[in-house]
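Enquirer: Generate a structure from the sequence data that follows.
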Amino acid sequence: MKKKVAFYNLGCKVNDFDTESMKACFLKVGYEVVPFDTAADVYVVNTCTVTHLGDRKSRQMLRKARRKNPNAVIVAAGCYAQVAPEEISKIEEVDLILGTAHRNRVVDEVARFQEDHHRQVYVSDISEQHIFEDMPIAEHRRHTRAFLKVQDGCNQFCTYCIVPYARGRIRSRRIDSVCEEVQLLASDGFKEFVLSGIHIASYGKDMPGGPDLLTLIRAVDAIPGVARIRLGSIEPLLMTETFVAGLSEIKSFCPHFHLSLQSGCDAVLRRMNRHYTTEQYFEIVQRIRRYFSKPAITTDVIVGFPGETDEEFQATKDFMTAVNFYKVHVFKYSKRHGTPAADFEGQVDETTKHRRSQDLIALSREQEQAFLKENAGERMPVLFEQLQANHRIEGHTPNYIPVRMFADGKKIGQIQELMLQYSKDQAYMVGE
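Expert: As a prediction, this is how the structure comes out:
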């Protein structure tokens, strides 16, 4: 009888990729992957520590795993395990703790624990990790879009962010390794590829000869069967005239730009140790709009950063209005132990954070509807990805608008040009 392993992933797309990589390790030695809510021999929780909510959810899921099977091996892996192994060690339910430099050892360490039942912590100094951990993925959840981790680590050290301490310094994946995986996936029917990482603007800066992100995108574009290429979250200063012009010449590139903003107030940006001004950011958005027709510009904003006054918050709101985003992901500042901002004066109370968050979420919804209305009547290619209720299928346009239409599942994986119709107060459009 096959042994069973269950996974629970928290956090970002990169964490999701790492979880899939660990799944591949278990599949390779004959394990069966089962849902987390079912009985298993091994439970792996790939933790997140970007916010205190991520920490709390990680602890909850580790304890839940033990309740599912008191005799199972419980593994805490990932970012929270990396930065706070002593906290996780206090959770009696956990058997193994693996930091972000030891994911490739997960199967071996589980086997060792099954033999000797000795609890172990495998967390090393991630800042000393200089080689990209190239772990394969056995399968992707959807047979249309594949997420590829091409970079790890961050050297930026924004004052609020724990990620450099959890992920270490920048490491890039070799272009030939990326292209080899893309070739396999494209031959298997995948049409869209998302290049992701912790800080993909730094891609290649750690490699001899310094191949940059544009070079990687061109290499992927040249592979037969690649219909679409997307980028994960991007630092604004990557968007130089040369880079944006280069992207506009790549036929498969999808014009969805998730440009990290964090604040629309220059004083707050300085306290955050961000490396651009709102003027620079605005110019970058205008540059993108000169080269692409109706590009999707999305972003992240943090409210309630230490010292943020009502006037500074209003500046962010005004800047959001000026840029006119498609969507804004709004986060309430979360104090992270070990980051400079955790010790800043002027910590903002939770009530104020909540009020400001709701204010920006409401504005974001207005901007989303405006962007969808702007695209009404356009004809765009839609890559269908999944079935929805009521005999509908859903896909996305190149600029990442969700589109639904009545059809059977046979269209999944196909690209079809459709006329987009606005659907009042919905987050999607209707294709005809």
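Enquirer: Buried residues, the helix or strand encompassing residue 66. List them.
Expert: When elements are defined using DSSP states H and E, residue 66 is found to belong to helix 52-68. Taking 16 or more other Cβ atoms under 10 Å as the basis for neighbour counts, the residues of helix 52-68 that come out buried are 54, 55, 57, 58, 59, 61, 62, 64, 65, 66. Backbone N, C-alpha and C define where each C-beta goes, glycine included.
Enquirer: Could you point out which of those is nearest to residue 325?
Expert: Using Cβ to Cβ, residue 54 comes nearest to residue 325 of these, at 24.5 Å.
Enquirer: Please list all residues in contact with that closest one.
Expert: In this structure, residue 54 makes contact with 10, 11, 47, 48, 79, 80, judged by Cβ atoms under 8 Å, 6 or more residues apart in numbering.
Enquirer: rerun at 10 Å
Expert: Contacts were defined as Cβ atoms under 10 Å, 6 or more residues apart in numbering; by that measure residue 54 touches 10, 11, 12, 15, 47, 48, 78, 79, 80, 162, 334, 336.
Enquirer: Strands along the stretch 301-432 of the chain, start to end?
Expert: If DSSP state E, counting those that start in this stretch is used as the criterion, the strands of the stretch 301-432 of the chain fall at 327-332, 379-388, 392-396, 402-406, 415-422, 429-431.
Enquirer: which stretch among those comes nearest residue 4?
Expert: Comparing those by their distance to residue 4 (Cβ to Cβ), the top pick is strand 379-388, with 26.2 Å.
Enquirer: so residue 30 makes contact with residue 2?
Expert: Yes - judged on Cβ atoms under 10 Å, residue 30 makes contact with residue 2 at a distance of 6.1 Å.
Enquirer: if we can go back for a sec, save the strands of the stretch 301-432 of the chain as a markdown table, and put in distance to residue 283 too.
Expert: Formatted as a markdown table, the strands of the stretch 301-432 of the chain follow (distance: least, Cβ to Cβ, whole Å):
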| stretch | distance to residue 283 |
| --- | --- |
| strand 327-332 | 19 |
| strand 379-388 | 27 |
| strand 392-396 | 28 |
| strand 402-406 | 30 |
| strand 415-422 | 29 |
| strand 429-431 | 30 |
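Enquirer: Including distance to residue 178 and mean neighbour count, could the ones you listed go into a markdown table?
Expert: What follows is the strands of the stretch 301-432 of the chain, written out as a markdown table (distance: least, Cβ to Cβ, whole Å; neighbours: other Cβ atoms under 10 Å):
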| stretch | distance to residue 178 | mean neighbour count |
| --- | --- | --- |
| strand 327-332 | 27 | 18 |
| strand 379-388 | 21 | 17 |
| strand 392-396 | 22 | 21 |
| strand 402-406 | 27 | 18 |
| strand 415-422 | 23 | 16 |
| strand 429-431 | 32 | 22 |
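Enquirer: Which stretch among those approaches residue 230 most closely?
Expert: Using Cβ to Cβ as the measure, strand 392-396 is the one of those that comes nearest residue 230, at 9.4 Å.
Enquirer: and the angle for that closest one with strand 415-422?
Expert: On the basis of axes from the mean of the first three to the mean of the last three Cα atoms, to 10 degrees, strand 392-396 is oriented at 100 degrees to strand 415-422.
Enquirer: strands paired with strand 392-396, and their directions?
Expert: For strand 392-396, the paired strands and their directions (DSSP bridges) are strand 379-388 (antiparallel), strand 402-406 (antiparallel).
Enquirer: can you pull out the helices in the stretch 151-300 of the chain?
Expert: All helices of the stretch 151-300 of the chain, identified by DSSP state H, counting those that start in this stretch, fall at 163-167, 175-187, 213-221, 241-248, 266-272, 278-291.
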